[in-house]
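Asker: Turn this into a structure:
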Amino acid sequence: MKEKLSAKVDSFLNHHRVGIKSSEHTVTNYAVDLSQFLDYLDNEGVMVPDEITRQHIRSFIRDIMGFGYAKTSAARKLSAIKGWLVYLMDRGEIESDPSMGIRGPKLPSTLPRALPREDVSMMLETGIEGENSHRDRVVLELLYGSGLRIAEVASIRWGDLDVVERWIRVKGKGNKERIVPLGSYSIKALEEWKQCSSESETFLFPGRNGGHITVRTISRIVKKASMRVGLPGVTPHMLRHSFATHMLEGGASLRVLQELLGHESLATTQRYLTVTAEHLKKSYLEAHPRAGGED
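Answerer: Residues are numbered from 1 along each chain as shown. Sure, this is the predicted structure:
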C-alpha cells in the first residue's frame, strides 16, 4: 500500500528537482519529511491520497513533537506535507486539500545577528561597485546609517528629504510618519546621487512605470555588496539591527531608539536589541571595582 503513495511522493520530488529546479538540499528535506509521513500513514492503513484526512496530519505533527522533534522541524515537515498535497490537488489527484487551515507549532521569535562595526564599514567602503554604485551607496547608508526598514527605503520621495537640516521624513508601518536624522555619510551619498538623477523624478529610487524601486532589488543590492567583501547571508534587516545594536553600544537610550526605529512599544525595542557579549564584558570590566586586574 505504501508503494502507491511513494510513487506520488516521487513525482512531487521530481517536479521540484527537474521542473522548478529546487536546490538539492530542499529536495532532500522534502524526501526525508514525506517519507516519515508515509510511514505514519502506512501504520494508519492509508492506501491512497484521497484517504488522508486533517486528523492524520494533526496527529502526525503531534506525534513527532512527542518524540522530541523541535518546533522548527515540525513546522518544516508540515510545510512539506502542505506542498505535496497542493501539488496533488493541482494535478487533480485529490479533490480537496486536507491540510488547508492547519497551523504549525508557534515558533520562537528570533532576531537577526548584528554585524561587527568593522564588517559594516568594509561593506560600505569596498563592497559597492558598478554603474549603479551611487544609488546603491545611498541605499546602504540609509539602511545602516538611519536604521530604516527595507520598505521605508524603497518608497522615499525626494520631497521627504531635508539635506540642509539633515532630516528625512519616513512613512513606516500603519502609514505612521516619523522624522529620522541623516548622517554625514548619507548626506554625501545623497548629494552624489542627486547629480546622477533626473530632476523630474518623484522617488529617490525610481523604478518602472513611474513607481519606486522594489524591495527585492534592495535585497539584491545588499546581497551583492556583502558578497563582494566575503560576508554571505547579510540582509537589509541585519543592517537595521546593526544600526540599533551599535547605537545601544554607543550609549543611546532605548527611548531614543524606540523613536528612531518607529516602534510603538518600548517593549518591542527591548526585545529587538541585544547587547553583545563583548560589550557586556567591556562594561563590566570598566564599571565594577573588583572586575579588573590588581592595582
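Asker: Residues contacting stretch 136-145, please?
Answerer: Residues from elsewhere that reach stretch 136-145 (CB atoms under 8 Å, 6 or more residues apart in numbering): 120, 123-124, 128, 130, 148, 150, 153, 156, 168, 182-183, 185-186, 189-190, 192-193, 204-205, 218, 221-222, 224-225, 236, 239-240, 242-243. For glycine as for every other residue, the C-beta is placed from the backbone atoms N, C-alpha and C.
Asker: name the element residue 170 belongs to?
Answerer: According to DSSP states H and E, residue 170 maps onto strand 167-171.
Asker: same question, residue 106
Answerer: Counting by DSSP H and E, there is no helix or strand that carries residue 106.
Asker: Now do the contacts for it.
Answerer: By CB under 8 Å, 6+ apart, the contact list for residue 106 reads residue 71.
Asker: Kindly report the same for residue 24.
Answerer: Counting by CB under 8 Å, 6+ apart, residue 24 touches residue 17.
Asker: can you check residue 98 too?
Answerer: Listed by CB under 8 Å, 6+ apart, the contact set of residue 98 reads 52, 53, 54, 56, 57, 85.
Asker: So which other helices or strands are in contact with the strand holding residue 170?
Answerer: strand 161-162, strand 177-181 (3 or more CB pairs under 8 Å, 6 or more residues apart in numbering; DSSP states H and E).
Asker: low-confidence ranges in this structure?
Answerer: 1-3, 107-112, 271-283, 292-295 (pLDDT under 70).
Asker: Helices of the stretch 101-250 of the chain, residue ranges please.
Answerer: Counting by DSSP state H, counting those that start in this stretch, the stretch 101-250 of the chain has helices at residues 117-126, 133-145, 150-154, 184-196, 215-228, 236-249.
Asker: Adding mean neighbour count and distance to residue 102, write the ones you listed out as TSV.
Answerer: Output for those, formatted as TSV (neighbours: other CB atoms under 10 Å; distance: least, CB to CB, whole Å):
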stretch	mean neighbour count	distance to residue 102
helix 117-126	16	41
helix 133-145	24	36
helix 150-154	21	30
helix 184-196	16	46
helix 215-228	18	29
helix 236-249	22	28
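Asker: got these as CSV, with distance to residue 259 columns?
Answerer: Converted to CSV, those look like this (distance: least, CB to CB, whole Å):
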stretch, distance to residue 259
helix 117-126, 22
helix 133-145, 16
helix 150-154, 14
helix 184-196, 18
helix 215-228, 23
helix 236-249, 11
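Asker: Kindly write the PyMOL command that selects the buried subset of the contacts of residue 98.
Answerer: To isolate in PyMOL the members of the contacts of residue 98 that are buried, counting by 16 or more other CB atoms under 10 Å, one can use:
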select buried, resi 52+56+57+85
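Asker: the domain parsing of this structure - what is it?
Answerer: 2-90, 117-283 (automatic domain parsing).
Asker: Out of the helices and strands packed on strand 167-171, which is the most enclosed?
Answerer: Greatest average neighbour count among those goes to strand 161-162 (a mean of 16), per mean count of other CB atoms under 10 Å.
Asker: what are the pairing partners of it, and which direction each?
Answerer: strand 167-171 (antiparallel) (DSSP bridges).
Asker: what's the offset of stretch 189-203 from the middle of its chain?
Answerer: How far stretch 189-203 lies from its chain's middle: 29 Å, per CA atoms, centre = their mean, to the nearest Å.
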